[in-house]
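**Q** Need a 3D model of the sequence below.
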Amino acid sequence: MSSLGFLQRMRLIAWFVPRVAASVELWTKARRSLLVTDVKGGKRVVRVEVEQITLAPRQRTGVHVHHCPTVGNVTRGAIHFQLEGQAARLLRVGDAFCVPANVRTLHFDNACQGPATVVVCHLLGAGERAVSTMLSCGED
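**A** Numbers count the residues shown, from 1 in each chain. Predicted coordinates for the structure are as follows:
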């Protein structure tokens with residue numbers, strides 16, 4: 001670029017800057033924050049395991065506990081979601097959720113006549129595995 005004259009450099013910049021600005025504007029318009037949450041206990045996350053889980057129509061998971069913080073997003077259907085001590089809510093496609101470690105999940109049930117799919121991220125510390133403990137079956 002140093003071999004270009006001043007006016008040539010100005011023309012190049014005048015051509016380039018609006019195109020970069022338009023590209024950045026399009027990219028930022030396509031982004032939408034789904035979830036911002038703290039990881040309780042100052043956990044040092046060293047590995048993330050991501051799973052896609054599909055629940056059959058009206059399938060119930062039963063009461064369970066995740067032993068690591070878990071975040072996720074509904075990608076198909078709707079989920080009846082309730083953590084212990086919180087109000088139940090209906091998660092729809094695009095909704096994100098967070099399950100703190102060792103908090104009972106009372107409901108994570110497919111609320112649809114068709115399949116429901118979620119993508120779940122388990123936030124793991126050193127030597128941890130993504131393990132859940134079932135406290136009741138999902139048939140109640």
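**Q** For the closest residue to residue 88 other than its chain neighbours, name its beta-bridge partners.
**A** Sequence neighbours aside, residue 82 is the residue nearest to residue 88 in space, at 3.9 Å (criterion: C-beta to C-beta, 6 or more residues apart in numbering). In short, each C-beta sits where N, CA and C put it, glycine included. Beta-bridge partners for residue 82, by DSSP bridges, are residue 107.
**Q** if I pick residue 121, what's in contact with it?
**A** Under the criterion of C-beta atoms under 8 Å, 6 or more residues apart in numbering, the contact list for residue 121 reads 48-50, 70-72.
**Q** picking that back up, how about the residue nearest to residue 88, what does it touch?
**A** With C-beta under 8 Å, 6+ apart, residue 82 has these contacts: 88-89, 105-107.
**Q** likewise residue 100?
**A** 40, 69, 83.
**Q** Next one: it, what pLDDT does it get?
**A** Looking at residue 100, its pLDDT reads 92.
**Q** And it, its phi and psi?
**A** Residue 100 adopts backbone torsions of phi -60, psi 160, taken as degrees, to the nearest 10.
**Q** returning to that earlier point: can you redo the contacts of residue 121 as TSV with pLDDT, neighbour count and distance to residue 13?
**A** Formatted as TSV, the contacts of residue 121 follow (pLDDT from 0 to 100; neighbours: other C-beta atoms under 10 Å; distance: C-beta to C-beta, whole Å):
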residue	pLDDT	neighbour count	distance to residue 13
48	91	12	41
49	91	14	46
50	93	10	42
70	92	22	47
71	93	19	42
72	94	25	44
